[in-house]
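Student: The sequence and its predicted three-dimensional model are supplied below.
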Amino acid sequence: MRKVSEAMNPFRKDFPIVCVGGSAGGSAAYFELLKHMPPEMGAAIVIVNHITRTSVTLHKILPRYTKMRVDLITERLAIKPNHVFIIPSNRDLRILDGEFRLKPISKPKGWPDVITIFLSSLAQNWDGKLVAVIVSGLDADGTEALREIKKVGGITIAQAPDTAEWSDMPESAIKTGHIDFVLSVEDIAQKIAQIAKAFPGKAT
């Protein structure tokens with residue numbers, strides 16, 4: 001069951017987790033997204049990049065676009081608000097007891113499904129507010145998990161395909177019928193800030 005007692009799970013869950021999944025052309029979307037996000041909005045931003053080789057440098061580049069702390073995820077790193085977390089190369093990412101868990105990538109060849117795996121893990125293991133964002137990319141990674149996010153009360157957002165460098169991923173997400181908002185990247189940033197502001201927790 002997704003609901004568990006506070007006594008058994010003392011970790012904080014009084015803030016939203018925002019998973020931003022992207023692939024080809026995703027870097028430009030990440031830069032624009034962070035540039036328009038307030039640094040103290042009280043949400044954790046997790047960037048799950050489908051092209052794993054670019055994740056090696058993202059955590060060094062993204063601090064140019066945000067005042068939030070940017071971390072490359074390591075095993076059992078605690079998830080915290082007002083932080084940006086980046087998936088490392090060639091790893092599947094999950095969350096358990098408020099911490100990140102890493103395993104060797106399960107699909108080393110072909111199209112990865114790292115976004116789908118992380119979103120499914122969030123739906124199963126985070127008893128708090130969830131936001132799933134799909135931006136520019138090839139293939140359809142993340143699409144299969146959108147139903148799970150919606151089932152647990154999460155919010156789903158896709159980048160408007162005509163604003164994406166590669167529209168495959170957002171178009172695949174939209175076709176599921178499980179997307180709440182289709183927005184430009186700047187508008188996605190504003191929507192996330194609104195969601196975080198409306199959240200009843202007082203994350204700091």
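Tutor: Received the coordinates, thanks. Residues are numbered from 1 along each chain as shown.

Student: Quickly list what Val133 is bridged to.
Tutor: Beta-bridge partners of Val133, counted by DSSP bridges, are Val20, Ile157.

Student: Looking at per-residue confidence, what score does it get?
Tutor: Val133 carries a pLDDT value of 98.

Student: who are the neighbours in contact with it?
Tutor: 18-21, 33, 156-159, 188, 192 (Cβ atoms under 8 Å, 6 or more residues apart in numbering). (Glycine included, C-beta is placed from N, CA and C.)

Student: Turn these into TSV, including neighbour count.
Tutor: Listed next are these as TSV, based on neighbours: other Cβ atoms under 10 Å:
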residue	neighbour count
Val18	25
Cys19	28
Val20	27
Gly21	28
Leu33	27
Thr156	24
Ile157	23
Ala158	29
Gln159	32
Ile188	28
Ile192	25
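
Student: pLDDT and distance to Thr116 for these - can I get that in TSV?
Tutor: Listed next are the contacts of Val133 as TSV, based on pLDDT from 0 to 100; distance: Cβ to Cβ, whole Å:
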residue	pLDDT	distance to Thr116
Val18	98	16
Cys19	98	11
Val20	98	14
Gly21	97	8
Leu33	97	20
Thr156	98	13
Ile157	98	16
Ala158	98	15
Gln159	98	17
Ile188	98	20
Ile192	97	21
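
Student: For Thr163, see how far away Glu75 is.
Tutor: Separation of Glu75 from Thr163 (Cβ to Cβ, to the nearest Å): 35 Å.

Student: of those two, who's got more company?
Tutor: When Glu75 and Thr163 are compared on other Cβ atoms under 10 Å, the one with more neighbours turns out to be Thr163, at 19 against 11.

Student: If you drop the residues flanking it in sequence, what lies closest to the more buried one?
Tutor: Of all residues not flanking Thr163 in the chain, Ser184 sits nearest, at 4.9 Å (Cβ to Cβ, 6 or more residues apart in numbering).

Student: Have a look at this protein and report the helix or strand with the lowest mean pLDDT.
Tutor: Lowest on mean pLDDT, DSSP states H and E among the helices and strands of the chain sits helix 55-61, with a mean of 79.
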